[in-house]
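> predicted structure and sequence below. I'll ask about it afterward.
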Amino acid sequence: PEEMHKDVFSTGALPPGSTVQLGLKLLLQTIGKCLLINASGEVTLLAKGDGIHVPFIHLGSNAAVVASTLARCLKGAQNCPVVVYAGDRATKMHLSDVHMACKRHDTFIYVCYNNGGSESTGHLDKEESIAPLVAEYATYTATAAVAYPEDFIGKLKKARNMHGVSFIEIFTPSPALFRG
């Protein structure tokens, strides 16, 4: 089996049991060196600490536009893929930008972490998956869950070798939102 890249991530400021943090850890250890783009959300806390050891860009809420632009600028630089790790709310707000990147055949990996709601408001969100809204446009679309890390890792490896936008929605249930 391929060796995981253990030097790209260490624990950060998120609470113990954070499945969003686990999803990011699996992503970075699988992809390795990359240009990580983040929209506002839980992951922003990790960047303030010393948890992420790859180039990291925090962009407010619209990571898709910047990922698209950087992917075109870095075309051919396969040693350093462009990767977005953004929450479901930011993704929904800028879904049209993800669609446009797909239509331009930009090449990057977009991982949408879906924690089932908003931790800042404590609101559970029972909406449908976002992946079907992207499947028509993206080169590769998949869903995964942190509960099945081998499945997520396999889908990341497949996405890494694809040309075009690869969209993976990972379900990262929040312990804070789903307390009994």
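Received it, and whenever you're ready, just let me know what you need.

> would you map the strands across this protein?
With DSSP state E as the criterion, the chain has strands at 35-38, 56-58, 82-87, 108-114, 117-118, 123-124, 140-145, 165-171.

> and those as CSV, adding mean neighbour count and distance to Val65?
(Glycine included, C-beta is placed from N, CA and C.) Conversion of the strands of the chain to CSV gives the following (neighbours: other Cβ atoms under 10 Å; distance: least, Cβ to Cβ, whole Å):
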stretch, mean neighbour count, distance to Val65
strand 35-38, 24, 10
strand 56-58, 16, 12
strand 82-87, 26, 10
strand 108-114, 26, 11
strand 117-118, 18, 23
strand 123-124, 12, 26
strand 140-145, 20, 20
strand 165-171, 26, 13
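
> include mean pLDDT when you put those strands into JSON lines, please.
Shown next, in JSON lines, are these (pLDDT from 0 to 100):
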{"stretch": "strand 35-38", "mean pLDDT": "90"}
{"stretch": "strand 56-58", "mean pLDDT": "81"}
{"stretch": "strand 82-87", "mean pLDDT": "92"}
{"stretch": "strand 108-114", "mean pLDDT": "95"}
{"stretch": "strand 117-118", "mean pLDDT": "61"}
{"stretch": "strand 123-124", "mean pLDDT": "60"}
{"stretch": "strand 140-145", "mean pLDDT": "97"}
{"stretch": "strand 165-171", "mean pLDDT": "97"}
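
> so which of the ones you listed is nearest Leu70?
Across those, Leu70 has its closest neighbour in strand 82-87 (5.1 Å, Cβ to Cβ).

> direction included, what does that closest one pair against?
Using DSSP bridges, the strands paired with strand 82-87 are strand 35-38 (parallel), strand 108-114 (parallel).

> so what's Phe108 up against?
Neighbour list for Phe108: Ala67, Ser68, Leu70, Ala71, Pro81, Val82, Val83, Val84, Ala101, Val165, Ser166 [criterion: Cβ atoms under 8 Å, 6 or more residues apart in numbering].

> by mean pLDDT, flag the weakest helix or strand of the chain.
helix 44-48 (a mean of 57; mean pLDDT, DSSP states H and E).

> can you redo the strands paired with strand 82-87 as JSON lines with distance to Asn62?
Below are these laid out as JSON lines (distance: least, Cβ to Cβ, whole Å):
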{"stretch": "strand 35-38", "distance to Asn62": "10"}
{"stretch": "strand 108-114", "distance to Asn62": "12"}
